[in-house]
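Engineer: compute the structure for the input listed below.
(chains A and B, ligands or ions: 2)
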Amino acid sequence: MKKNLEVVGKSVIRVDGFSKVTGKATYSQDLTMDNMLWGKTLRSTKPHANIKLNLTKAEVIPGVVRILTYKDVPHNHHGVVFKDHEVLSSGRVRSIGTPIAFVVAETEKIAVEAMKAIEVEYQELEAVFDPVEAMKEDAPKVHENGNLLYHYKLRLGDVDAAFKECAVIVENQYKTSMVDHAFLQPEAGIAYLEEDMVVVCAATQYPHFDQLEIAEALEVPTEKVKVLNPAVGGAFGGREDITMQIHLALASKLTGRPVKTVYSREESFVAHSKRHPMIMSYKTGADKNGKLIAMEAKIVGDTGAYASWAINVLRKAGVHATGPYEIPNVKVDSYAVYTNNPFAGAMRGFGATQTPIGHEQQMDMLAEKLNMNPLEIRFLNALKKGSKTATGQILEESFPLKECLEVLEKAFKKDAKGVE
Amino acid sequence: MKTINVKINGENYTREINEDMRLLDFIRDELKLYGTKEGCGEGECGACTVIMDGVTVNSCMVMAFQANNKEILTIEGMEDEKGLHPIQQAFLDEGAVQCGFCIPGMVLSAKALLDKNPKPSRKEIKEGISGNLCRCTGYNKIVDSIEKASQYLEGEDQ
Ligand code: FES
Ligand code: FES
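Structural biologist: Ligands and ions are numbered 1, 2, ... in the order given. Sure, this is the predicted structure:
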């Protein structure tokens, strides 16, 4: 029976399109309330240090209502998987940008002035910025349990034996860099009380997680926390971790008034996660016809000072390390490592974006060595419907890689003609 | 304090302002026109674009007192009694809007371009919006919609 579909196959106008082309969509920057206070976050300017705070000068500034420190946070931890972030630092900062205090004042200007008047005494500690260095026994420890957060192992067949059979082997190291989402709307939010319920409006990807984390930090039942998500100005993974939500909720609860904060672009850069930089060592071998026989990869991902989604991201990088190719012998080790860099987390592709830098250049170099067309070697090894991946997954649904490559091939030919 | 007279979206405003107030804050905080956005505060992103005396400016880089005796158009002034401006309609029809944070600025840059050059080439469109960053769309659909807007406007003239 053929159903009349109202949406599938049709081009529909998006529901929030009208409000966005007219400038009427409300982002959290655009929210204001009567009797509202302003919050500003004091953040660490050192990558690794023990700190001491002196609030005396800041507290006496007229218009300062309250300065929150770790002592005000009932449960001073949060994090999407591991609770390794502190809401406000209790004495040790592990990266630049770690929140130390949250100043609440009558105006934004006063809040900034007071934030600058807080004296922070930094006793600097040795820091580590290279994840490979951080894996060594004697490296400075970012967290008490050591810097190695996660190790993912993938083993298929016998790579050592298989490399002996290869006609060509290509071995290289690839590095990707830290990337910021740079969503266009910097973080902003407002919190207020509805009787004994605290309401937080902030651009977030996880209102339900935020609710849990706020409730945990404040030690209140989840039904006493409401999270509202107004229009979100881009996210791309960068709004998965908590930034200001707990600060705002706590400030509003302790002052009884609405509290708003807006990050500058600069603060936004240090406040949210980054794409994991990865160091990828690849060894790939093929027979004389270009058929892949063996691949070995070691991937080290720098998660910076906090775990965020590191284990999920580095697992995904490991699973996708072969690229979309069928290889009978595979050995992959991927690691997530703490350093004193800004923390890394979710960003579009979630670990699957970095590895193509490695596996695709390996393919090009193998083709070059074998004097083959780079497309041909890909056609020859492409996974297809029914193939088994290195992790043992049978691809039962469609896998139209060949069709994609054919489109590319046509485009390349057309391009080449254009040059003539 | 300083007194300024500004015409915004056809209406005259006289206000006492602090010398250090940016035009962006004047529009948002004084006049409560929140359609103009702040993405960077340093002239890089174009989210705060408004049209001042016929030319686009980044309102985060203009002081409010510099707008004295000027005429300004913000996104709130694009619609008229007939409804959406053809540029806004084209953005909707082409699906050029995602998170929307860049869109008010984009629409105004498109307007400034089409006012001067009613039939721009794709290259000219790209130049016209080169001061406006969009992190969501990849720009193609925005360029498509400005092309479409040019057709809508031509149709209107006939
Ligand atoms: S906010 Fe003015 S250019 Fe970005
Ligand atoms: S639609 Fe999100 S920045 Fe352009």
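Engineer: separation between the residue of chain B found nearest chain A and ligand 2?
Structural biologist: At 2.2 Å from chain A, residue B:35 is the closest residue in chain B, using C-beta to the nearest C-beta. To be clear about C-beta, it is placed using only N, CA and C from the backbone, and glycine gets the same treatment. Residue B:35 sits 14 Å away from ligand 2, going by C-beta to the nearest ligand atom, to the nearest Å.
Engineer: list the contacts of the closest residue to that residue other than its chain neighbours.
Structural biologist: Residue nearest to residue B:35 in three dimensions, not counting chain neighbours: residue A:23, with 2.2 Å by C-beta to C-beta, 6 or more residues apart in numbering or on different chains. Residue A:23 makes contacts with B:33-36, B:74-76, B:103-104, as judged by C-beta atoms under 8 Å, 6 or more residues apart in numbering or on different chains.
Engineer: ligand 2 contacts on chain B?
Structural biologist: Contact residues, chain B versus ligand 2 (C-beta under 6 Å from any ligand atom): B:98-102, B:134-137.
Engineer: right, I mislabeled it, should have said the stretch 201-350 of chain A
Structural biologist: So the stretch 201-350 of chain A meets ligand 2 at residue A:234 (C-beta under 6 Å from any ligand atom).
Engineer: of all the residues in the stretch 201-350 of chain A, which one is nearest ligand 2?
Structural biologist: Using C-beta to the nearest ligand atom, the single residue of the stretch 201-350 of chain A nearest to ligand 2 is residue A:234, 4.7 Å away.
Engineer: which residue packs closest to that residue, ignoring adjacent ones?
Structural biologist: residue A:183 (3.1 Å).
Engineer: one more: residue B:40?
Structural biologist: Using C-beta to C-beta, 6+ apart, the closest residue to residue B:40 is residue A:265 (4.4 Å).
Engineer: burial measure for residue 124, as a count.
Structural biologist: In the absence of a named chain, chain A is used. Residue A:124: 12 surrounding residues under other C-beta atoms under 10 Å in any protein chain shown.
Engineer: that's the wrong chain, I meant chain B
Structural biologist: Neighbour count of residue B:124, defined by other C-beta under 10 Å: 13.
Engineer: for residue B:139, same thing?
Structural biologist: 18.
Engineer: contact partners for whatever residue of chain A ends up closest to ligand 1?
Structural biologist: Residue nearest to ligand 1 within chain A: residue A:265 (7.7 Å; C-beta to the nearest ligand atom). For residue A:265, the contact set (C-beta under 8 Å, 6+ apart) comprises A:186, B:39-42, B:45.
Engineer: need the max-distance pair from those.
Structural biologist: A:186 and B:42 (11.9 Å; C-beta to C-beta).
Engineer: give me the more crowded residue out of these two.
Structural biologist: residue A:186 (29 against 12).
Engineer: what residues are up against the more buried one?
Structural biologist: Residue A:186 sits next to A:29, A:262-265, A:267-268, B:38-39 when contact means C-beta under 8 Å, 6+ apart.
Engineer: redo that, cut-off 10 Å
Structural biologist: The contact partners of residue A:186, taken as C-beta atoms under 10 Å, 6 or more residues apart in numbering or on different chains, are A:27-29, A:203, A:233, A:262-269, A:271-272, B:37-41, B:45, B:47, B:101.
Engineer: need the pLDDT of it.
Structural biologist: pLDDT for residue A:186: 98.
Engineer: phi and psi next, for it.
Structural biologist: Phi and psi for residue A:186, reported as degrees, to the nearest 10, are phi -60, psi 160.
Engineer: can you check residue B:90 too?
Structural biologist: Dihedral angles (degrees, to the nearest 10) for residue B:90: phi -60, psi -40.
Engineer: now residue B:119: closest residue in space that isn't a chain neighbour?
Structural biologist: Residue B:119 sits nearest to residue B:150 (C-beta to C-beta, 6+ apart), 5.7 Å away.
Engineer: give me the neighbour count for the one you found.
Structural biologist: For residue B:150, using other C-beta under 10 Å, the count is 21.
Engineer: so who does residue A:94 touch?
Structural biologist: A:44, A:46-49, A:84-86, A:125, A:127, A:142-143, A:304-306, A:338-341, A:343.
Engineer: tally of neighbours for residue 95?
Structural biologist: Answering for chain A, as no chain was given. 23.
Engineer: my bad, chain B
Structural biologist: Residue B:95 has 16 neighbouring residues, counting by other C-beta under 10 Å.
Engineer: so how far is ligand 2 from it?
Structural biologist: Taken as C-beta to the nearest ligand atom, the span from residue B:95 to ligand 2 is 11 Å.
Engineer: right, and that residue touches residue A:21 too?
Structural biologist: No: under the criterion of C-beta atoms under 10 Å, residue B:95 is not in contact with residue A:21, lying 11.4 Å apart.
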